[in-house]
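Enquirer: Structure for the following, please:
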Amino acid sequence: MRQSVRAAAAISVLALLAAGCGTKSAAGGGGSSSPSPKSGASAFTACMVTDTGGIDDRSFNASSWQGVQQAEGNGITGKYLQSTSPSDYTPNINQFLGQKCGIIVTVGFLMGDATQTAAKGHPSQKFAIVDFTYPKPLKNVDALLFNTVQDGFLGGYLAAGMSKTHKVATFGGQKLPTVTIYMDGFWDGVQYYNAKHHTNVKVLGWNEKTQNGNFTGDFTNQSKGQQLTQTFISEGADIVFPVAGNVGLGAAKAVQQADQSGQNVNMLWVDTDGCVSAPQYCKYFISSVTKGIQTAVKTAVTAAHNGSFKGGNYVGTLTNGGVGLAPFHDFASKVPASLKAELNQVKTGIENGSIKTATKSPV
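Expert: You can find the predicted model right below:
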């Protein structure tokens, strides 16, 4: 199950485990930006560059911005630049380099190279990057990564335990390490459930052994997510796990339509608690496979402001609370007590190493 090349890719940054609104200052640049600042803004500004999914992607960009917002006050204000394409990454970072930002937060695996170039060229400027780490840690970059194979495993185990058709599905936005690590974990969680219960729940959309599966090609096109989810449902899947940012809203729409036609189909959300990010679909979310981006970004910004910033690599895990499953919300009484107990046991097993996941550590 564990191919050495794939494991090395997940561990190495060369193929690494690869998003709110408020009253913030307009920044201009490659895309839409935040509104006007509060009066009397502090000299310390946390500046954030989004990935192409946008500031309100209900996923890693929105979570990162919420982390900046949570750090505000006590002399900190925040603003952002939105990237509409990868070609905006470097110009947006460069624009902030000229604005005396206390810290520049970049969001997404695809910004790893641009962030590194800027950091090396401006060693006195503090940075943080979400969903990336460097083989050799950079002193002026707080690199924030999340070992989501662990909570993805819990999500797969939960999905297998809740499926009535014995078919579940997952798909990604783009084939990036920070996407496929979720899918690896999900796939492995289903296999572990099968081994424990002598069942044969199948996973559509991804195969951890071959590293082949379904991707919509971006994190914005909801129609693609809806169409692909409809295909999975037609093939018998009754639980779907999109790892695709805003594309997941298309999946939720397909699940809603299936429910309205009398089919019992549900899903898991990714990155954030879906019942908070997309409450209109909460009734279909069994749970959400989450990572603590808000807290990690807030901590990085606060550290840069108060002088405790050290840079280096941070990895969120089940043990340190950096990843986990969200509450069951509407499914609290629907998930059997026995399955909840098993999930707790699996969580403990992953934490103490008695249950092996696809990657022991992302760095």
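Enquirer: hey, which helix or strand in the chain has the poorest pLDDT?
Expert: In the chain, no helix or strand scores lower on mean pLDDT, DSSP states H and E than helix 4-11, which sits at a mean of 34.
Enquirer: end-to-end on stretch 167-185?
Expert: As for stretch 167-185, its first-to-last residue distance stands at 16 Å under the measure C-alpha to C-alpha, to the nearest Å.
Enquirer: ok, and for it, which residues are buried?
Expert: Using 16 or more other C-beta atoms under 10 Å as the test for burial, stretch 167-185 gives 167-174, 176-185. Where you see a C-beta, it was placed from the backbone N, CA and C, and this is true even at glycine.
Enquirer: Same question for stretch 288-306.
Expert: By neighbour count on 16+ other C-beta under 10 Å, the buried set for stretch 288-306 is 288-305.
Enquirer: Among those residues, name the ones in helices.
Expert: Those of the buried residues of stretch 288-306 mapping onto helices are 293-305, per DSSP state H.
Enquirer: need these in CSV with pLDDT and distance to F215, can you?
Expert: Converted to CSV, those look like this (pLDDT from 0 to 100; distance: C-beta to C-beta, whole Å):
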residue, pLDDT, distance to F215
I293, 94, 22
Q294, 93, 26
T295, 94, 29
A296, 95, 26
V297, 96, 26
K298, 95, 31
T299, 95, 32
A300, 96, 30
V301, 97, 32
T302, 96, 36
A303, 96, 35
A304, 97, 35
H305, 97, 38
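Enquirer: Would you map out the domains in this structure?
Expert: If you go by automatic domain parsing, the domain ranges for the chain are 4-147+293-316, 149-291+321-352.
Enquirer: Tell me which of the ones you listed approaches A358 most closely.
Expert: Among the domains of the chain, domain 149-291+321-352 comes nearest to A358, with 4.2 Å by C-beta to C-beta.
Enquirer: before we move on, back to that, and the domains of the chain, which one is worst for confidence?
Expert: Among those, domain 4-147+293-316 has the lowest mean pLDDT, at a mean of 81.
Enquirer: which stretches of the protein form strands?
Expert: Using DSSP state E, the strands of the chain run over residues 44-49, 76-81, 103-107, 127-130, 141-146, 167-172, 202-204, 206-207, 212-213, 239-243, 266-271, 285-291, 312-316, 323-325.
Enquirer: OK, contacts around the spatially most central residue of the chain?
Expert: Nearest to the mean C-alpha position of the chain, by C-alpha atoms, centre = their mean, lies D271 at 3.8 Å. Taking C-beta atoms under 8 Å, 6 or more residues apart in numbering, we find D271 in contact with S59, F60, S63, G245, S288, V289, T290, K291, I293.
Enquirer: now with 7 Å?
Expert: S59, F60, S63, T290, K291 (C-beta atoms under 7 Å, 6 or more residues apart in numbering).
Enquirer: For the last one, give me its contacts.
Expert: Read it as K291. K291 neighbours (C-beta under 7 Å, 6+ apart): F146, T148, D271, G316, G322, V323.
Enquirer: Measure how buried the first one is and give me the count.
Expert: Each residue near F146 was counted by other C-beta atoms under 10 Å, and the total is 27.
Enquirer: what about stretch 236-255, start to end distance?
Expert: Start to finish, the residues bounding stretch 236-255 are 12 Å apart (C-alpha to C-alpha).
Enquirer: residues of that stretch that come out buried?
Expert: Going by neighbour count (16+ other C-beta under 10 Å), the buried part of stretch 236-255 is 237-255.
Enquirer: With stretch 82-101 instead?
Expert: Q82, S83, D88, Y89, T90, N92, I93, Q95, F96, C101.
Enquirer: closest to G205 among the residues you listed?
Expert: Nearest to G205 among the buried residues of stretch 82-101 is S83, at 27.4 Å by C-beta to C-beta.
Enquirer: Can you pull the phi and psi angles for that closest one?
Expert: Note on S83: backbone dihedrals following degrees, to the nearest 10 are phi -90, psi 130.
Enquirer: That one is in contact with T90, isn't it?
Expert: No: counting by C-beta atoms under 7 Å, S83 stays clear of T90, with 9.8 Å between them.
Enquirer: which ones are touching F285?
Expert: Taking C-beta under 7 Å, 6+ apart as the test, what F285 contacts is M267, L268, W269, G274, C275, H329.
Enquirer: can you count the residues close to the closest residue in space to it that isn't next to it in sequence?
Expert: Nearest residue to F285 in three dimensions, chain neighbours excluded: G274, at 4.3 Å (C-beta to C-beta, 6 or more residues apart in numbering). G274 has 28 neighbours, counted by other C-beta under 10 Å.
Enquirer: how near is G274 to Q256?
Expert: 13 Å (C-beta to C-beta, to the nearest Å).
Enquirer: ok, now H122?
Expert: From H122 to Q256 the distance is 47 Å (C-beta to C-beta).
Enquirer: With that, I have no additional questions.
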